[in-house]
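Participant: got a structure for you, letters missing:
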């Protein structure tokens, strides 16, 4: 059903054939055996001996002033070891250094239902539950706001005193002459698009195990984090510890999708409990608590206006985006900046005016979710483009082709584009889907209509400037080679299922021409592995891949020099073949063990570092917020979605998806396909069924029955074509593959629904009730018009 | 809270476990027996990650009382791999050249389904994988060569957030295809060899 199609296009540069089996091979995950056999240890599986049970009590009030939290009765109960509150922390936190307004446990005020209020550590679950019931809490209610408009209304109480109008961040960006652009257009259209809030839904429940050694005053934390480094900094900051007192370890992690990019409150709370109890505490949250911890994609209203020439050329874009951010800053200001930065940079456009509003509300905080900030604006942009193309009589492919970029290119908002496989992506899905021959000719049945829709998308291969800008290299990898003739890759890169550990192994094996079996990976233990900026914004393949490439090249130089010395020739005379090497053109040869022995004789155990940083020209422009959206390499994708719409129920079935993704170079086609399929499918969940819902701040869908993630029964075949545009900066030419294809699904689905039944959805998700209402409304209109026409005829 | 001594048979081994009457099977497996391969991903019966086999039928261990499975055969992901279902392994990562004439390639221990999920990338983060594999195992024992529709139906209670399910279906088909395939002349003597040999033949 899926396929490893390669799109052959003479316009694409050719890279030299890879010298070994590693790069470009369909390679199973190097840690896949642990996963399929059940041997993989996730945080909740760790064999750490007896630990205390941690539990969090959450606010039943959406907005209020905390008058009293009295734990004296609870602490007197048998088996209760510690109770902590907001007063047990010394500083607030937040993933963005300039927007830190959240405490691990609420202090002074609570701002959403479900906000952690206090926590207990006890010998067992029953004692912990009893302790929670014995803590006295008094909260005075305040007015609460659950919609962005209510929070922005005149006279609304401020959630945070320093943010007038409850606006966390207002973004105003203007590029080029927008008014002139609209004046020059042959068609100008404006629409509003609404996207519901969605959640990550990673299957592993949140868990943290914290061990405090009272004698040494040291803290060891095992947690589900995507960015152990942020967690490390945040633990030190909130607990008032020196970073050297802390060790953070990330075991196997059962998915992230952005939920675990930010340091999360329960992680700091578990550590505080361990310190207060003087021992080890395990905290495992429920699924409901996962939904309350949230940090998902915000509910978004987008008002979008585009000007098009008859040729399809985009003359001007104007967008106003309002994101309902929830109660705390989190990643909010980055999310609202991403929405502007990636709104238009996929194409060549004439001029852009962007206004973004990130709004505080009394709901669980939103944050980064796969395709951070750019998914909902892509839905709006591609949908409007499709609608306008139809009005101009242009094919959906033609309108995209009218706005393609020539590389190298600097977008209006100063983003550098060095490789651009979108033209080939379009060609590939046009051919694969049979667009020209099948569109408008799909079989219909009574009550069932079919349609095809197209959309394009793009995403960054890592943010060119990290959130915590320290001036250090963006990525560092260490390689260790010792007497055992095995190479250990030491990396802080978090494998969260995306396969980074496998990819780094492939890169090192490729450079050294060694079998992957000779290489092991030691990852994400702050005591052993170099700092890494973490698994977010699809940065790991590109940045850590480049660091691993450089580390392996440096190691190869050392080994070649040692071999040359042993063979009494110059390094240039050595023909390196991995498991052995020889003097070029002779059979005087050393095997790998002999080379290692020679190198160790000179140096002792080899520890060799590779580092990589994004070039300055890729780090964006000079205006405020310019760093967000900047990247060393953009991925591109196009997809065609085929749907069947049941006109009697409004149910939409996705029958097939054809997607082409420009990943620069497929270092591991098997893994890239898996990532692209997962991204497209996650877009499908948002497009069709996923939606959080609250009543007066109470989460109504905090479980997997009401929050509808698609099951295998309703998930379509997804055919993937990989486009290799050979990015000049990517490792072996590679770019990201895990996010860029997500954005295009919803607009492609909306276009397909329109193609099928003539109704264009402007609201996500396209649930049966929403579509059925639109179908009914159209029938009512048609009947009304028919009646009017009849009445006119009669009179 | 009353506790009782339960006699459980898990992966062919007998265990006597003291557990509360209301103890859930998932907690007894994980906490008392140390079988942490069985995962919990929800608050009860929503995600399928805890799927185990009870007398060969898929059951959700998070909504099954441990007391309910006394005297019945419980199988978890840890029980699937074993000498009885051997298959050679190691192709995917490349081999280090052998040194000397010592014994080489003693063979891996993954079941055909496990091997297929590994090689076809039916697993990404791996958290849903044990439950997914156990549900698929129950299907393949019932239907040797299931249709795609049968696979979708059998796994509809198991949520995966990573793969979009495409490669999960391919993994089950690959494992099933091995069973349906012609006998391999050079297959190793152990029972699962025939299945695994063809899986390894996939590109």
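Facilitator: Received it, and whenever you're ready, just let me know what you need. Only a predicted model underlies this, so the values are computations on that prediction, with no experimental measurement involved.
Participant: what's the burial count for residue A:431?
Facilitator: Close neighbours of residue A:431, defined as other C-beta atoms under 10 Å in any protein chain shown, add up to 15. Backbone N, C-alpha and C define where each C-beta goes, glycine included.
Participant: what's the helix or strand for it?
Facilitator: Applying DSSP states H and E as the criterion places residue A:431 in helix A:422-432.
Participant: any regions of chain B where pLDDT drops low?
Facilitator: Counting by pLDDT under 70, the ranges of chain B that qualify are B:1, B:83-108, B:178-203.
Participant: what's the domain layout of chain B?
Facilitator: B:3-80, B:83-89+B:108-200 (automatic domain parsing).
Participant: related to what we said a few turns ago, rounded mean pLDDT for the helix holding residue A:431, please.
Facilitator: In this model, helix A:422-432 carries a mean pLDDT of 98.
Participant: any residues of the stretch 601-750 of chain A in contact with chain B? List them.
Facilitator: Within the stretch 601-750 of chain A, the positions near chain B by C-beta under 8 Å from any C-beta of the partner chain are A:670-671, A:673-674, A:677-678, A:680-682, A:684, A:703-705, A:709, A:711-713, A:715, A:717-718.
Participant: ok, now with 6 Å
Facilitator: Applying C-beta under 6 Å from any C-beta of the partner chain, one finds that the stretch 601-750 of chain A approaches chain B through A:670, A:674, A:677-678, A:681, A:703-705, A:709, A:711-713, A:715, A:718.
Participant: so residue A:403 touches residue A:315, yeah?
Facilitator: No: taking contacts as C-beta atoms under 6 Å, residue A:403 lies outside contact range of residue A:315: 10.3 Å.
Participant: for the closest residue to chain A within chain B, what are its contacts?
Facilitator: In chain B, the residue that lies nearest chain A is residue B:37 (2.1 Å; C-beta to the nearest C-beta). Counting by C-beta atoms under 6 Å, 6 or more residues apart in numbering or on different chains, residue B:37 touches A:38, B:76, B:77, B:78, B:130.
Participant: and the residues you listed as TSV, adding neighbour count, distance to residue A:601 and secondary structure?
Facilitator: TSV is the format used below for the contacts of residue B:37 (neighbours: other C-beta atoms under 10 Å in any protein chain shown; distance: C-beta to C-beta, whole Å; DSSP: H, G, I helix; E, B strand; the rest coil):
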residue	neighbour count	distance to residue A:601	secondary structure
A:38	25	43	coil
B:76	25	49	coil
B:77	29	46	helix
B:78	20	45	helix
B:130	30	47	helix
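Participant: how is chain A divided into domains?
Facilitator: Per automatic domain parsing, the structural domains of chain A span A:1-17+A:417-452+A:632-795, A:466-613.
Participant: where among these is the average confidence lowest?
Facilitator: Averaging pLDDT over each of the domains of chain A puts domain A:1-17+A:417-452+A:632-795 lowest, since it has a mean of 93.
Participant: so which residues on chain A come close to chain B?
Facilitator: A:2, A:28, A:32-33, A:35-38, A:40, A:45, A:201-204, A:254-255, A:286-288, A:497, A:515-518, A:579, A:670, A:674, A:677-678, A:681, A:703-705, A:709, A:711-713, A:715, A:718.
Participant: still on that earlier bit, buried set for the helix holding residue A:431?
Facilitator: Buried residues in helix A:422-432, counting neighbours by 16 or more other C-beta atoms under 10 Å in any protein chain shown, are found at A:422, A:423, A:424, A:425, A:426, A:427, A:428, A:429, A:430, A:432.
Participant: before we move on, what about stretch A:702-721?
Facilitator: Quick answer for stretch A:702-721 (16+ other C-beta under 10 Å): A:702-704, A:707-712, A:714-721.
Participant: what does that stretch contact?
Facilitator: A:1-3, A:5, A:7, A:201, A:287-288, A:291, A:428, A:654, A:656-660, A:673, A:676-677, A:680, A:685, A:689, A:701, B:42, B:46-47, B:152, B:155-156, B:159, B:164-166.
Participant: need the contact list for residue 77.
Facilitator: I went with chain A, as the question did not name one. Shown in contact with residue A:77 (C-beta under 6 Å, 6+ apart): A:130, A:131, A:134.
Participant: could you do chain B instead?
Facilitator: Neighbouring residues of residue B:77 by C-beta under 6 Å, 6+ apart: A:38, B:37, B:130.
Participant: angles on the backbone of the first one, please.
Facilitator: Going back to what we said before, that points to residue A:38. Dihedral angles of residue A:38 (phi, psi; degrees, to the nearest 10) stand at phi 80, psi 0.
Participant: and the closest residue to it other than its chain neighbours, helix, strand or coil?
Facilitator: Closest residue in space to residue A:38, ignoring its immediate chain neighbours: residue B:37 at 2.1 Å, by C-beta to C-beta, 6 or more residues apart in numbering or on different chains. Under DSSP: H, G, I helix; E, B strand; the rest coil, the three-state class of residue B:37 is coil.
Participant: phi, psi for residue B:37 please.
Facilitator: phi -60, psi -30.
Participant: repeat that for residue A:660.
Facilitator: The phi/psi pair for residue A:660 (degrees, to the nearest 10) reads phi -120, psi 130.
Participant: following the helix holding residue A:431, which helix or strand comes up?
Facilitator: helix A:435-438.
Participant: for that next one, buried residues please.
Facilitator: Those would be residue A:435, for helix A:435-438 by 16+ other C-beta under 10 Å.
Participant: what are the contacting residues of whichever helix or strand comes after that helix?
Facilitator: Counting by DSSP H and E, the next helix or strand C-terminal to helix A:435-438 is strand A:448-460. For strand A:448-460, the surrounding residues in contact (C-beta under 6 Å, 6+ apart) are A:346, A:378, A:382, A:396, A:400, A:439, A:442, A:537, A:631, A:634-638, A:640-646, A:739-740, A:743-744, A:747-748, A:751-752, A:755-757.
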